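Trainee: Pasted the sequence and its predicted model underneath.
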Amino acid sequence: MTNGIQYRKMTVDDIPAVVKIEHEAFTTPWSHEIFEHEMLGNDYAHYIVAVQDDEVIGHCGMWVVLDECHITNVAVRKRLRGQGIGEALMRKAIELCKVNEVRLMTLEVRVSNHTAQNLYRKLGFQDGGIRKNYYTDDHEDALVMWVEF
């Protein structure tokens with residue numbers, strides 16, 4: 001816990017708050033139905049939430065398949081960005097991966113999102129390549145990043 005923030009496994013009851021954060025953070029946010037499927041129908045999905053004063057203020061999702069992890073989304077309430085919450089969520093995800101003997105973690109990030117890229121590099125991620133026209137809203141390229149443990 002840092003600054004009164006707790007990090008825990010996401011539950012179905014957290015979905016409305018997580019969807020609200022998605023809408024603040026992304027131009028193509030995931031829907032309630034997508035998160036419900038992730039929580040109830042995807043055995044590979046793992047989600048962590050950051051909670052402060054009983055409010056979900058951030059989340060990090062990942063798919064863990066065998067010894068690899070793919071980060072699906074990381075987002076923090078707009079008013080609380082820049083306070084290390086996203087970094088803490090990523091560190092919790094890395095801890096979960098190490099406990100589960102994951103050897104490789106990967107993610108995609110917009111080529112224009114230098115703030116996120118800098119965070120991922122701070123956590124040991126390297127540039128792995130470009131996915132052309134990856135984002136459906138504006139066809140921006142994605143930078144693929146990865147880290148080995």
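Mentor: Looks like it arrived, so ask away.

Trainee: May I see the buried residues of stretch 127-140?
Mentor: Neighbour counts over stretch 127-140 (16 or more other C-beta atoms under 10 Å) mark Tyr134, Tyr135, Glu140 as buried. Just so you know, the C-beta spots here come from the backbone N, C-alpha and C atoms, and that holds for glycine as well.

Trainee: how far is the strand or helix carrying Lys92 from where the chain is centred?
Mentor: According to DSSP states H and E, Lys92 maps onto helix 85-99. Here helix 85-99 is found 9 Å from its chain centre; the criterion is C-alpha atoms, centre = their mean, to the nearest Å.

Trainee: So which elements touch it?
Mentor: With contacts defined as 3 or more C-beta pairs under 8 Å, 6 or more residues apart in numbering; DSSP states H and E, helix 85-99 has these neighbours: strand 5-9, strand 45-52, strand 55-65, strand 68-76, strand 104-110, helix 114-122.

Trainee: check contacts around the residue nearest the centre of the chain.
Mentor: Nearest to the geometric centre of the chain sits Val74, at 2.5 Å (C-alpha atoms, centre = their mean). Neighbouring residues of Val74 by C-beta atoms under 8 Å, 6 or more residues apart in numbering: Gly58, His59, Cys60, Gly61, Gly86, Leu89, Met90, Ala116.

Trainee: Is the third one in contact with Leu89, as I believe?
Mentor: Yes: at 3.9 Å, Cys60 and Leu89 qualify as touching, with contact defined as C-beta atoms under 8 Å.

Trainee: Now do the shared contacts for these two.
Mentor: In contact with both Cys60 and Leu89: Ile48, Val74, using C-beta under 8 Å, 6+ apart.

Trainee: show me where pLDDT drops low in the chain?
Mentor: Low-confidence segments of the chain (pLDDT under 70): 1-2.

Trainee: Tell me the bridge partners for Asn73.
Mentor: Gly61 (DSSP bridges).

Trainee: ok, so what distance separates the residue found closest to Val51 once you drop the neighbours it is linked to in the chain from Ser112?
Mentor: Leaving aside its sequence neighbours, Val51 sits nearest to Gln6 (C-beta to C-beta, 6 or more residues apart in numbering; 4.9 Å). Distance of Gln6 to Ser112, given as C-beta to C-beta, to the nearest Å: 32 Å.
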